[in-house]
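Participant: Below are the sequence and a predicted model; questions follow.
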Amino acid sequence: MQSEHFTKALLALLEETFDKVQGYYLDQHTSLFETLADITAEEASIPVGGKCATLAAQVKHVAFYLETVERSVRDPNYPQVDWTEIWRTVGGVTPDEWQAIQDELRRAYDGILGLVGSAPDWRDETDIGGAIAIVAHTAYHLGEIRQALCVVRGK
């Protein structure tokens, strides 16, 4: 497989997952940013179920994941992170906080796009697996968010 083919496919899947459905696996208008576009801070603050996370925590976690992936690829000495902190600390948000979390997600996504664009050599299975994991991890949380919206909105 040629690296440029993998890179092109990865970028298309990232675009579908985050920005605009291309027809790979999502229904029209269900990408992450399209889904987030009409979620209010009030909705983002509602925990779904007894001990479940809020939508704000889900989105903050995805942004943190993307930032951590980018930083750890660029710096092999990047320290271990506390993956549970967001789940423990992010709950209700104000409209400004909710917007800041969405802005953080956009910056983190842009960082991943920059990383993919600047490192088109997929050296081994670890690189390729890590790239696929970005799509899979985000798609999982997108599904969690969309399902939680059904509960939050009662639809």
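Facilitator: Sure thing, it's come through.
Participant: By residue count, what's the longest helix in this protein?
Facilitator: Criterion DSSP state H: the longest helix present in the chain is helix 125-153.
Participant: quick one: low-confidence ranges for the protein?
Facilitator: 1, 120 (pLDDT under 70).
Participant: rerun at 90
Facilitator: In the predicted model, the chain carries pLDDT under 90 at residues 1-5, 48-52, 73-76, 117-128, 130, 154-155.
Participant: That one: strands as residue ranges?
Facilitator: With strands called from DSSP state E, the chain shows none.
Participant: how about the nearest residue to residue 93 once chain neighbours are set aside, what does it touch?
Facilitator: Leaving aside its sequence neighbours, residue 93 sits nearest to residue 56 (C-beta to C-beta, 6 or more residues apart in numbering; 4.5 Å). Bear in mind the C-beta positions are built from the backbone N, C-alpha and C, glycine included. Counting by C-beta atoms under 8 Å, 6 or more residues apart in numbering, residue 56 makes contact with 41, 44, 45, 90, 91, 92, 93, 97, 98, 101.
Participant: got it, and residue 152?
Facilitator: Listed by C-beta under 8 Å, 6+ apart, the contact set of residue 152 reads 43, 46, 48, 55.
Participant: Looking at those, which is nearest residue 150?
Facilitator: Ranked by distance to residue 150 (C-beta to C-beta), the contacts of residue 152 are led by residue 48 at 9.2 Å.
Participant: Roughly how far does the closest one sit from residue 147?
Facilitator: Distance, residue 48 to residue 147, by C-beta to C-beta, to the nearest Å: 8 Å.
Participant: shared neighbours of those two, anything?
Facilitator: Here residue 48 and residue 147 have no joint contacts, going by C-beta under 8 Å, 6+ apart.
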